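[1] Can you look at this prediction? I've put the sequence above it.
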Amino acid sequence: MMAQDNPIVFFNDRFVPLSEAKISILTHALHYGTGVFEGIRGYWSEKRKQMLLFRAADHFRRWKLNCGLLHMDLAHTESELCDITEELVRRNDFCTDIYIRPIAYRSSPRVGVRPDDQYAIAIIGIPFGPYLSSASGIHACVSTWRRVEDNAIPARGKICGAYVNSALATDEAHRNGFDEAIFLNEAGHVVEGATCNLFLVKQGKLITPPASDNILEGITRDTVMQLAARELRMETIERSIDRSELYQCEEAFFTGTAVEIAPITRIDHHPVGLGVVGPISSQLRSVYDSVVRGWREQYDHWLEPVLTPALDRS
Ligand code: PMP
């Protein structure tokens, strides 16, 4: 088995090969969705011979907060979690872009939905390229599935069970020939993609749904708002968005750790703007890429560099 297929993972407080990280078929989280996860990207810098983890501390802060929704009080601090992740990267000696998946889950092997106080965490890292092939724009559709409401399963919580909602919408979109789904909430407002946040450009302004419209408050969303303000001098308006605005905007794009910035060129068979990647989406894409890859020093505070054994390779 290649190391790539059997990476070292952090499991039950130890570093073990993925093939040894086993859980019971009765695990509570498997049956009832009682887990909380995160997704963090690491960008390999050939120039620095370093892995650059993007906003890892912010992801771990969000993870700990979200675990609190399920009354899982993670014992590790954010900085300990960053240290564990750095060690994970070193042990795997990754020298390519990666994706880190932390997960906390109700681990009791028993039947019965009421959770007890047992939980476990795992952190997995895998080599990871682009998630959506989006350079020339993607085709999105409004899903027939509605976004989970905050008082059903909080979308901001990145709760495993809530991703059935995303899986249903993604599956429907793909079966119908689209690349990604866009959710409306029960009030009929546009909220986000199945695995990403959404921005529109209208009359030269960025618009994105507010945190209170059942979205996951994305770290990429926050990054894009900050970069747009500083680099493009564009403010973002956070307000509810009507479905018909999707068909009349100048540009639209998704944001997320995995999707990064993915321009949308068609929605429900309507061209977005001119039906090609617009200038603001493409500027933001290139600024974002240069920031995450460590080419703009003023944003280095967002990067957690990992010194790997790869240093010796130069
Ligand atoms: N919305 C959903 C439903 C997601 O799963 C994600 C991916 N984590 C996002 C938005 C984007 O969040 P982030 O930018 O923090 O990755």
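    Sure thing, it's come through. Residues are numbered from 1 along each chain as shown.

[2] helix, strand or coil for the residue in the stretch 51-200 of the chain positioned nearest to the ligand?
    Proximity of the stretch 51-200 of the chain to the ligand (CB to the nearest ligand atom) peaks at Thr195, 4.2 Å away. Using the backbone N, CA and C atoms, a C-beta is placed for each residue, glycine as well. Three-state assignment for Thr195 (DSSP: H, G, I helix; E, B strand; the rest coil): coil.

[3] tell me the pLDDT at it?
    Looking at Thr195, its pLDDT is 97.

[4] List the beta-bridge partners for Gln50.
    On the basis of DSSP bridges, Gln50 is bridged to Ser45, Leu307.

[5] What's the local residue count around it?
    Gln50 has 22 neighbours, counted by other CB atoms under 10 Å.

[6] mind starting the numbering at 47 from now?
    Sounds good: first residue 47 from here, last item Gln96.

[7] For it, report the pLDDT, please.
    For Gln96, the predicted pLDDT is 95.

[8] re earlier: you'd agree the residue of the stretch 97-246 of the chain closest to the ligand is up against Ala304?
    Yes. Taking CB atoms under 8 Å as the definition, Thr241 is a contact partner of Ala304 at 6.5 Å.

[9] The two: which is more packed in?
    Neighbour count, other CB under 10 Å: between Thr241 and Ala304, Thr241 has more, with 22 against 16.

[10] helices and strands of the chain: which one bottoms out on pLDDT?
    When the helices and strands of the chain are compared on mean pLDDT, DSSP states H and E, strand 349-353 comes out lowest with a mean of 94.

[11] element containing Ile167?
    strand 165-173 (DSSP states H and E).

[12] Pull up the distance across stretch 312-324, start to finish.
    One end of stretch 312-324 sits 12 Å from the other (CA to CA, to the nearest Å).

[13] which residues touch that stretch?
    For stretch 312-324, the external contacting residues (CB atoms under 8 Å, 6 or more residues apart in numbering) are 181-188, 228, 247, 292-293, 295-298, 309-311.

[14] what's the span of stretch 136-149 from first residue to last?
    End-to-end for stretch 136-149, by CA to CA: 20 Å.

[15] Quick one: distance of it to the chain centre.
    The chain centroid and the centroid of stretch 136-149 are separated by 15 Å under CA atoms, centre = their mean, to the nearest Å.

[16] buried ones in that stretch?
    Residues of stretch 136-149 classed as buried by neighbour count (16 or more other CB atoms under 10 Å): Arg136, Arg137, Asn138, Phe140, Cys141, Asp143, Ile144, Tyr145, Ile146, Pro148, Ile149.

[17] what helix or strand does the closest residue to Arg193 other than its chain neighbours sit in?
    Spatial nearest neighbour of Arg193, chain neighbours left out: Phe229 (4.0 Å); criterion: CB to CB, 6 or more residues apart in numbering. In this assignment (DSSP H and E), Phe229 forms part of strand 226-230.

[18] Contacts (any at all) between the ligand and that strand?
    No. With CB under 6 Å from any ligand atom as the criterion, the ligand is not reached by strand 226-230; the gap is at least 8.3 Å.

[19] swap in stretch 182-193?
    No. Using CB under 6 Å from any ligand atom, stretch 182-193 stays clear of the ligand, with a minimum separation of 8.6 Å.

[20] List the buried residues in that stretch.
    By neighbour count on 16+ other CB under 10 Å, the buried set for stretch 182-193 is Gly183, Ile184, His185, Ala186, Cys187, Val188, Ser189, Trp191, Arg192, Arg193.

[21] Nothing else from me, thank you.
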